[in-house]
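Novice: Following is a predicted model, sequence given first.
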Amino acid sequence: VVATQDATTVTFVPSQDIKGGGLAGVPVTVMLNRGQSYAIESSSPNADKHLRNTWITSDKPIAVNTSDDSVYHGGNYDLVGDQIVPVDLIGYEYLALWNNTPREYLYIFPIEDNTEIYFNGSQNSIRKVNAGDECVYPLDTPAVYVHADKPIAVFQLACANNNSSEFGGTMLPHISCTGSRKTVYKRNSNSDIVITLVVRTDCTGDFVLNGNANCLTASDFREMTSNNYYSYCRKNVSQYVPANGLMTIENTNVNGYYQLGVFSSSSGTCSYGYFSDYQQYATATFDMDDTYCTGDDIVFNFTVENLDEVTLVLPDGSTMNRPPFVLNSVQTGQAGTYYLQGEVCNGVQILDEIDIKINGPATETVNLLGCEEASWHGFVFDHDMDTTVIIHNPNDCDSIFNVHVELAGSYQGNLGLVGWGRRG
């Protein structure tokens, strides 16, 4: 783990015992400054004692790298590692592309219990898994469409060109509204480089590789049979990229966000990774307070990226479709969860949510300041007066009353007020 800011608190909950005496399930917390790193390591070299499903949390952004220097499955030992992404960047659907190697596997990790996993559009799940479980699937067909009813992480392991060759591995990006429109990769040897691409089907004809629009054409792509919204390509592009040179791939279509994997192999060894953006490219995010008082006007401020239209969904299910979104003189019954949704990729998605709290009314009995013989609301006063009464509410809403009284007798009592008031 590498910290990106000073005074970063990181907590590990290892799934297995770790070196140094740490026990499975017992949290380990460290404080790191920017640029500092901390590693934990399994206490056993055995595969079933490795640290998959270890949970890592932090109070500031961090980078997390995983590696194993001795991956072995019927061939030579090899190092496999990748920088993984946080759980809020994993998704529900993936497309795994086979690198045409004799030993290739998908490892699927759920983060919630009772997660159903489906392959290739089937309505029947291949397995129900819980958080902490692992599902392993051999990959031996050109493409496998993986989807689940809850978020999952998917890791792909591939070897080079024979049964004794070494492995490479990568964390797959989910394909729903993620990707890049331009990526740059440096070829670091004379090894062959084979790229895998996933893109919207209507954008397959818009690729440019190192300035040449003829290197990647629509004819290189095949539609997914179980979800023809997407198409995929696997192609050896070594002839277009000089040794130790750069490979720049761009899609000129405004909707042409793609996922790029690079598989490079030579002399029984290989490397494998994805180099496009794992984040969702269409976003809408609330930028506002979440606590108000009755009588306030709520203006729903938000920021958007790569979206033409945004809808506000209210707690009762009704919608507001044309910004600015404003609720005037709100009451407590309007508290609840509000959602921003937009049409991105191949459907409408919830993009952000906020839980709005509305405090009030403020109810409290107070004495009129500066008057010993006065009451109000159904009583009269022994002299004329004007005063201001503030009822302090512990929920950070003050009720403010401007009181005017006129003489009509002499009575003694307290002032009883019910108010909604305004913030501050």
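Specialist: Cool, the structure landed.

Novice: check contacts around C135.
Specialist: Y107, I108, F109, P110, I117, I126, R127, V129 (CB atoms under 8 Å, 6 or more residues apart in numbering). For the C-beta atoms, the positions are set from N, CA and C on the backbone; glycine is no exception.

Novice: Report the secondary structure element holding the first one.
Specialist: In this case it means Y107. Per DSSP states H and E, Y107 falls inside strand 104-110.

Novice: where does the most centrally placed residue in the chain land in three-state SS?
Specialist: When the chain is reduced to its mean C-alpha position, the nearest residue by CA atoms, centre = their mean turns out to be D88, at 2.7 Å. Secondary structure, DSSP: H, G, I helix; E, B strand; the rest coil: D88 is helix.

Novice: do the same with E112
Specialist: Secondary structure, three-state DSSP: E112 is coil.

Novice: Give me the neighbour count for it.
Specialist: Counted with other CB atoms under 10 Å, the neighbours of E112 add up to 14.

Novice: related to what we said a few turns ago, pull out the buried members of the contacts of C135.
Specialist: When those are checked for burial by 16 or more other CB atoms under 10 Å, the buried set is Y107, I108, F109, P110, I117, V129.

Novice: Report the contact partners of the nearest residue to the fourth one once chain neighbours are set aside.
Specialist: Right, the one you point to is P110. Once flanking residues are discounted, P110 sits nearest to V129: 4.8 Å by CB to CB, 6 or more residues apart in numbering. By CB under 8 Å, 6+ apart, V129 lies in contact with I108, P110, T115, I117, C135.

Novice: isn't the first one right next to A153, touching?
Specialist: Spelled out, that is I108. Yes - with contact defined as CB atoms under 8 Å, I108 counts as touching A153 (7.5 Å).

Novice: ok, back up a step: whichever helix or strand comes after the strand holding Y107 pairs with which strands?
Specialist: Of the helices and strands lying after strand 104-110 in sequence (DSSP H and E), the nearest is strand 115-119. Strand 115-119 pairs in its sheet with strand 127-129 (antiparallel), strand 143-159 (antiparallel), by DSSP bridges.

Novice: so which of these comes closest to V30?
Specialist: Closest approach to V30 among these (CB to CB): strand 143-159, 23.5 Å.

Novice: which strands and helices sit next to the helix or strand following that closest one?
Specialist: Going down the chain from strand 143-159, the next helix or strand is strand 167-171, by DSSP H and E. Judged by 3 or more CB pairs under 8 Å, 6 or more residues apart in numbering; DSSP states H and E, the packing partners of strand 167-171 are strand 78-84, strand 143-159, strand 258-266, strand 269-274.

Novice: And the furthest pair within the contacts of C135?
Specialist: Taking CB to CB as the measure, these span a maximum distance of 14.8 Å, between F109 and I126.

Novice: pLDDT score for L79?
Specialist: With respect to pLDDT, L79 scores 86.
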